[in-house]
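Trainee: Sharing a model that was predicted from the sequence below.
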Amino acid sequence: MITVTELYRHPVKAHGREALSAATLTQGKTMPWDRVWAVAHDMAKFDDANPEWAHCVNFSRGAKAPELMAINVTMNESANTLTFTHYALDPLTINPDVPSDGAKLVAWTKPIMPADRAPSDRIVRAPDRGMTDTPFPSISINSHASLADLSDKAGEQLSPLRWRGNVWVDGAAPWDEFNWIGRHARIGGTLLKIVDPIKRCPATTANPETGKRDVDTLKFLSENYGHKDFGVYAEVVETGEVKLGDTLELV
């Protein structure tokens, strides 16, 4: 039996994760409040006057700034505020839709941003969808069995937080999630279509506690499996609730 063990959202792309016990997934949408905002850098080709989904290269992210991987976040939905924490920084609470608060987040992260990368500039958002790495609003699903197998190859236990996933499951055979592509999966009250493998970037090489690159996950994936994929992207085709302990059933 395949069961849901963890649920996460990432309100600001690449700037923290928050664990959940349950979430209502809506047809054609991301995980609620997942990647609603992103931090555009000063070289971004993002039209603030006509905002829409944009490729990840336009944003500050863990692939280029590994210390961002050590951020945690808590959201107060009713107040529309986010509280960020990082081991090297004082906590920060902002309303990401207030431009002056967005500037506070940019200033807050400045000490942990690499000097040789385009500096963060402002918070942006696309109307009605999250700024996922996919051009469609996606939910990412990751397998603990695959993580355990990769950890064995790497010679150390790799944290699930390296992969910035939405849904984690246990009970499947290692890497069997790639066989789900093109099929549908029912989780709790929702139905998802499994669409694509997730091609991984250098963000996963950073330790989510220290923000330091310490394991070459991409090398271990490539050398042992012949690819750099981990996890799968899905899209929600039926609205419903998913919660910890729910089963995943292929249909």
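Mentor: Sure, I can see it. Numbering: from 1, shown residues only.
Trainee: Locate the nearest residue to D42 once chain neighbours are set aside within the secondary structure: which element?
Mentor: Sequence neighbours aside, D121 is the residue nearest to D42 in space, at 4.3 Å (criterion: CB to CB, 6 or more residues apart in numbering). (Glycine included, C-beta is placed from N, CA and C.) Assigned by DSSP states H and E, D121 belongs to strand 120-125.
Trainee: picking that back up, wait, what's in contact with the residue nearest to D42?
Mentor: The contact partners of D121, taken as CB atoms under 8 Å, 6 or more residues apart in numbering, are V39, A40, H41, D42, A44, V106.
Trainee: ok, 7 Å please
Mentor: A40, H41, D42, A44, V106 (CB atoms under 7 Å, 6 or more residues apart in numbering).
Trainee: so how far is T205 from it?
Mentor: 25 Å (CB to CB, to the nearest Å).
Trainee: Next one: the residue sitting nearest the centre point of the chain from T132, what distance?
Mentor: With distances taken as CA atoms, centre = their mean, R164 lies nearest the centre of the chain, 3.5 Å away. Separation of R164 from T132 (CB to CB): 11 Å.
Trainee: likewise G182?
Mentor: Look at G182 and T132: by CB to CB, they are 20 Å apart.
Trainee: Which one's more surrounded, those two?
Mentor: T132 (23 against 9; other CB atoms under 10 Å).
Trainee: ok, the closest residue to the more buried one other than its chain neighbours - contacts?
Mentor: Nearest non-adjacent residue to T132, counting by CB to CB, 6+ apart: S138, 4.7 Å away. For S138, the contacting residues are T30, T132, Y233, A234, E235, by CB under 7 Å, 6+ apart.
Trainee: switch to 10 Å and redo it
Mentor: Taking CB atoms under 10 Å, 6 or more residues apart in numbering, we find S138 in contact with 29-31, 34-35, 130, 132, 166, 192, 195-196, 198, 232-236.
Trainee: Fine, thanks again, bye for now.
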